[in-house]
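Student: below: sequence and its predicted model.
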Amino acid sequence: MQRQGSSHARFVAIAGLALACLLSGCEPRPASGGATTGASATAASAPTPDRAAVARALALAKVEGSAPVDQEIRALQQSVARMPQKTDFWIALGQKWVRKARETTDPGFYRSARACAEVALDLEPGYRLALDLQSLVLLNDHQFAQAADLARDVLRTTPDDILALGTLSDAALEMGRFDEAAEAAQKMNDLKPGLPSYARGSYLRWLRGDTQQAKVIIRQAMDAKDPKDPEPTAWVLTQAALIFWHEGDYEGAEKGFDQALAAVKDYPPALVGKARCALGLGDPARAASLLAKAHAESPLVETAWLLGDAKEAAGDAKGAEEAFALVVKHGRQIDPRTLALFYATKDRDVDEALRLLEAEKKVRDDLYTEDALGWALYRRGRLAEARAASERALALGTKDARLLYHAGAIKLASGDKAGGEKLVREALKLNPAFDRTGAAEAGKLVGHETRARAR
Amino acid sequence: MRRERALVSGPILAATLLVAASSIAHEVGLSRGVYRLEGGALDAQLTFARREVIGLVAGLDENGDGALTAAEVERAREALTGAVAGRIKVEGGGGPCAAELIAAALAEEDGLGVHARYRCPSAAPELKVDLTLLDDLPFGHRHLARLSGNSGPSDALLSRRDRRFTITASAPRPDSAPVPVASVLPAPALPAPSSPLLLGATRALTRPDPPLLLLAFALGRTGRRAIVLAALAFVAASLLGLVLAARGVWAPGPALLGPALAIAVGYVGLDALLREPTARPWTMALPFGLVQGSALARLPEPALDLRGSSALASFTLGAGLVELVLAALLIAAVAALRARLRRRADG
């Protein structure tokens, strides 16, 4: 018996050994091939530093520049170098990286913020402020469900965590859970009224179609600005100006964008907003110039699309093609929903648009995803499905000319002439320059004999 | 016996968890590279998340299923040369350096590894490197570069806005912006080994396979003398394997090495368990020692060139001493455990 037991023990041990080896491939870290030297022994895989070393390298990446945030990051990096066990320093550093990401509109800095959260969580598992930071980064990475779950976890133990409420509100909105988003924003406002809660409240009101109340609340957000922190000010001014742009008040909106640019020089969202106004005011050359500047700073897919439209309107067909090529290239990499809407709007690659949107709906199911899906289905001639998606997109009563035009065109194609024309006219009246392609099509639909479009 | 099983399997379970926990998934938005300047050529070992490189290299994912196979990677060598190796511009020694794709293969988890070499017109003490590749990756992508010179490695975090660095044979030096993070990193708890002897010792200590294989030998059913002979044969073969691999004479490919080591451990264990005791267990130790020695030669940090005779001798000595000590400790520990259990069983 003893012999049998001993053999069994050895078998367990040996099986464990083999398993350990198989799990690791017996290559604990890298396969640099450095010392094997000969080409025959070349390894294609670079050394993989362990996660902690990578996190520290990202968190402690050197920053140049003399902006206040750069100075704060450098000071905090010195603090964590002196006292690496102090989690609060890592959190403060992570928050500065978030600020840097917002100010520069470079999402790569969120990676450093996440690294700070990882280091802090290594030091103190479950640390609430680190979880807040992590959920914020997840939100930025479009991992909405994970961000919301993490925020809910935090709120279970700390129901008055303002940051978690903000993250939950934003993530829920992206996932199409308007009521949950509104509830979190309301609670945030009850606990600590301020720029972040007012700005969310204003946007939620606007989505509900209550433009007047949205303006009132955004004014409160502007009043709550911190003069020492210009980026949130620029952001809220941009949001306010966009409400005016959606109403077709291009001159009024441009003043708002100018104020945002006064708060933060060359702030890309404000440059894009100003360009939208220039397009609305019939000045595509100026719009192209503003958009080129914005795109150089922050190469978003939507900015490239607008740049292409502006260049096309200004007669620069080659420049427009180049910009549209960037929409496709970067859309596939980082923003499939905007690429899908671009395809559907331009009536090209509709099958790819539908594929992209079906995948997008799994992670982001808000009204703008529904709208894009409805429009792609319309282009494909699947009118019943298009109409259902479009109705879901308009369920809140949002006064967005693009949504109204899409809904109207789909209704017209489905045979509802009166209802369709009403929506298309409403779209053109609300914001006649909502989109170069869409507005032109809308004009044709109501200016000429309307004709159902079915394939 | 339950006690013996617990004593033996406890550390093994811990080792398993430790090894499993150390593997890292490759993040989208972050790539890594190790750059080494030697003999007028720059050696670059890059790793990307597969999902990201699919978007970077047209036609790489032939069937468009979003996943990569080894065959797809092999067929895309030309595309990888153009889109990855060729998009790292290296200049020095009187002009631009020619890019050559040495190898590309699927890396652990969801990564893709690319090994490129840049040959310059003449040997240069420093090279300027421009990762124009970052223009093709999404805005916000970060590249964590480890620059290895003779004075040791330093890290640089590169982005589209700061994508250049200078590497020197003696001391790596960044050009601008987010570069060496090593300078602000907290001091490590233990100093990194600087001599080949210490590096060899550390390498043998930190790899999981030497103690695992030696433990498997120690657990064998043969007599103590045979076990000691097997362990000595294993260490000798391991050092021979190390020298052969470092000299570029013979080494299994990276794809074979892991499975070969796993098979070695499994085989040694099963042999000890199932076969009758043999008078010559060392015959089995020789081939497995050779394979394990090849793995020892694969340095985690290419900070040390093992082609020099003295460096290689020191490295081998360090690794050999550690393996011998490990063998002695493990054999003694297993023998002591067995004696104790026997005493307990007897009375």
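Tutor: On my side now, so go ahead. Numbers count the residues shown, from 1 in each chain, chains lettered A, B, ... in the order given.

Student: you'd agree A:Gly282 is in a strand?
Tutor: No - assessed by DSSP: H, G, I helix; E, B strand; the rest coil, A:Gly282 does not belong to a strand; its assignment is coil.

Student: can you give me the pLDDT of it?
Tutor: We note a pLDDT of 96 for A:Gly282 in this prediction.

Student: ditto for the one 3 residues further on
Tutor: We note a pLDDT of 98 for A:Ala285 in this prediction.

Student: ok, it - contacts?
Tutor: Taking CB atoms under 8 Å, 6 or more residues apart in numbering or on different chains, we find A:Ala285 in contact with A:Ala310, A:Ala314. For the C-beta atoms, the positions are set from N, CA and C on the backbone; glycine is no exception.

Student: could you measure from it over to A:Glu251?
Tutor: A:Ala285 sits 18 Å away from A:Glu251, going by CB to CB, to the nearest Å.

Student: same thing with A:Asp229?
Tutor: 28 Å.

Student: neighbour-wise, which of those two wins?
Tutor: Comparing A:Asp229 with A:Glu251 by other CB atoms under 10 Å in any protein chain shown, the one with more neighbours is A:Asp229, at 15 against 10.

Student: could you pull up phi and psi at that one?
Tutor: phi -130, psi 80 (degrees, to the nearest 10).

Student: mind checking pLDDT for the closest residue to B:Arg75 other than its chain neighbours?
Tutor: Closest residue to B:Arg75 apart from its sequence neighbours, by CB to CB, 6 or more residues apart in numbering or on different chains: B:Glu62 at 7.1 Å. The score at B:Glu62 is 86. That number is its pLDDT.

Student: and B:Glu62, that's in a helix?
Tutor: No - according to three-state DSSP, B:Glu62 belongs to no helix; its state is coil.

Student: for it, give me phi and psi.
Tutor: phi -60, psi -50.

Student: show me what contacts it?
Tutor: B:Glu62 neighbours (CB under 8 Å, 6+ apart): B:Glu72, B:Arg75, B:Ala76.

Student: ranges for the strands of the stretch 51-200 of chain B?
Tutor: B:88-91, B:98-107, B:111-119, B:126-131, B:142-149, B:152-158, B:164-168, B:173-174 (DSSP state E, counting those that start in this stretch).

Student: apologies, that question was intended for the stretch 301-450 of chain A.
Tutor: Using DSSP E, counting those that start in this stretch, strands in the stretch 301-450 of chain A do not occur.

Student: quick one: name the residues of it near chain B.
Tutor: A:His330, A:Arg332, A:Gln333, A:Ile334 (CB under 8 Å from any CB of the partner chain).

Student: repeat that for 6 Å
Tutor: A:Arg332, A:Gln333, A:Ile334 (CB under 6 Å from any CB of the partner chain).

Student: for the residues you listed, give me a markdown table that also has pLDDT.
Tutor: Output for these, formatted as a markdown table (pLDDT from 0 to 100):
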| residue | pLDDT |
| --- | --- |
| A:Arg332 | 88 |
| A:Gln333 | 85 |
| A:Ile334 | 87 |
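
Student: so which other helices or strands are in contact with the helix or strand containing A:Glu183?
Tutor: Counting by DSSP states H and E, the element that carries A:Glu183 is helix A:178-191. In terms of contacts (3 or more CB pairs under 6 Å, 6 or more residues apart in numbering or on different chains; DSSP states H and E), helix A:178-191 is packed against helix A:162-174, helix A:195-207.

Student: helix or strand with the lowest mean pLDDT in chain A?
Tutor: helix A:2-24 (a mean of 48; mean pLDDT, DSSP states H and E).

Student: what's the next secondary structure element after that helix?
Tutor: Helices and strands here follow DSSP H and E; after helix A:2-24, the next one along the chain is helix A:51-59.

Student: neighbouring contacts of that following helix?
Tutor: Helix A:51-59 is contacted by residues A:Arg111, A:Ser112, A:Ala115, A:Cys116, A:Glu118, A:Val119, B:Ile24, B:Leu144, B:Asp155, B:Val181 when judged by CB atoms under 6 Å, 6 or more residues apart in numbering or on different chains.

Student: please redo it, this time with the cut-off set to 7 Å
Tutor: Outside helix A:51-59, the residues within contact range by CB atoms under 7 Å, 6 or more residues apart in numbering or on different chains are A:90, A:93, A:111-112, A:115-116, A:118-119, A:122, B:24, B:144, B:155, B:157, B:181, B:185.
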